[in-house]
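Asks: Need coordinates for the below:
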Amino acid sequence: MKHPHFQLSIEVTRALNLGAPVVALESTVITHGLPQPQNLELARDMEKQVRAAGAIPATVALLDGKIRLGLSDEELVRLSESESTLKVSHRDFATAIVKKVNGGTTVAGTMLAANMSGIKVFATGGIGGVHKESAFDISTDLKALAETPMIVVCAGAKAILDLPATLEYLETMGVPVVGYKTDEFPAFYSRESGLNVSARLDSPQEIAEFAKAHWSMGLKSAILVTNPVPETDSIPMSKMEPMIAKASVEAVEQGIHGQALTPFLLGRISELSKGKSLKTNLALLLNNARLAGEIAKEMYMRKKEWAI
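Replies: Sure thing, here's the model as predicted:
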């Protein structure tokens, strides 16, 4: 790929040229989502999970205004330690490029960069959505899911959000919400939400076939694959809801909103749960990276049968 603002690693470039399986990984979890040193450990471990599944990891971020896909370990360290990193969604790319700053890409930002580079599979923790505090506070992630033909593996939407409204938005925009081995939409920290997915699929093979069928109809949306956190790390909704409610009230009282809201809420919930939510967050991210790698490998194995 030749683009003045993009720089792909040699490994990712080679993999894409060969049509080998590649999985995009976001970087706001490194720059804004987790404290040090867990952020760096998580970045390394997610890449290891993708490799263990037989795919090549492509962590997406901005360094000195360049959109990077595939980072060296030294670059991951630099990103994890950077103190003035921009949170980059669609509207922020030009700012980061012009100012030549470092940036962590959101779900929407990562999808844009990965799609432009030809990557079809992406793993994240939880997508953004409709906020409880305001029905007008809707994450760009949802618009990106409606417009970008990729497979996005997540553990549902972040539990701090209005989950029914988020699912309604996705339904309106024609985004399939697939439950991986589940009929229920996972709620990030929790395996259960009481809300149904639009389809249940039980293997990477089924997911690859589903994507082929969806895109063969000329549809341009993403396939949202929701992968529940492992049972051993799940926190019941009944325990999470009081902590989420308390953190949300504190955010309103302190006037925290916009891009600062989600990092504040996740950090406060980690404090209230005495670190349990952080442990769960790490577990689901690794779980999603592994599944995304398996899906990417399955799509690679079938590429001779069909082109997407």
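Asks: switch to C-alpha atoms for all contacts and neighbour counts from now on
Replies: Noted.
Asks: Can you name the residues that contact residue 52?
Replies: If a contact means C-alpha atoms under 8 Å, 6 or more residues apart in numbering, then residue 52 has 290, 293 as its contacts.
Asks: Nearest the geometric middle of the chain, what residue?
Replies: Note on the chain: the residue nearest the mean C-alpha position is residue 124, at 2.4 Å, using C-alpha atoms, centre = their mean.
Asks: Name the spans of the protein whose pLDDT lies under the cut-off.
Replies: In the predicted model, the chain carries pLDDT under 70 at residues 135, 304-308.
Asks: Show me the helices in it, by range?
Replies: 10-18, 28, 38-52, 73-81, 93-99, 107-117, 140-147, 163-172, 204-216, 237-253, 261-272, 276-301 (DSSP state H).
Asks: Going by neighbour count, list what's buried in the fifth one.
Replies: Buried residues in helix 93-99, counted by 16 or more other C-alpha atoms under 10 Å: 93, 96, 97.
Asks: which residues touch it?
Replies: So helix 93-99 is contacted by 5, 62, 64, 65, 66, 86, 88, 102, 103, 109 (C-alpha under 8 Å, 6+ apart).
Asks: Quick one: buried ones out of those residues?
Replies: Looks like the contacts of helix 93-99 have 62, 65, 66, 86, 88, 102, 103, 109 buried, using 16+ other C-alpha under 10 Å.
Asks: you'd agree the second one is up against residue 100?
Replies: Which is residue 65. Yes: with contacts defined as C-alpha atoms under 8 Å, residue 65 counts as touching residue 100 at a distance of 3.6 Å.
Asks: Neighbours of residue 193, how many?
Replies: 17 (other C-alpha atoms under 10 Å).
Asks: check contacts around it.
Replies: Residue 193 neighbours (C-alpha under 8 Å, 6+ apart): 184, 185, 186, 187, 237.
Asks: what do you get for residue 140?
Replies: By C-alpha under 8 Å, 6+ apart, the neighbours of residue 140 are 89, 90, 108, 128, 129.
Asks: separation between residue 285 and residue 44?
Replies: Residue 285 sits 12 Å away from residue 44, going by C-alpha to C-alpha, to the nearest Å.
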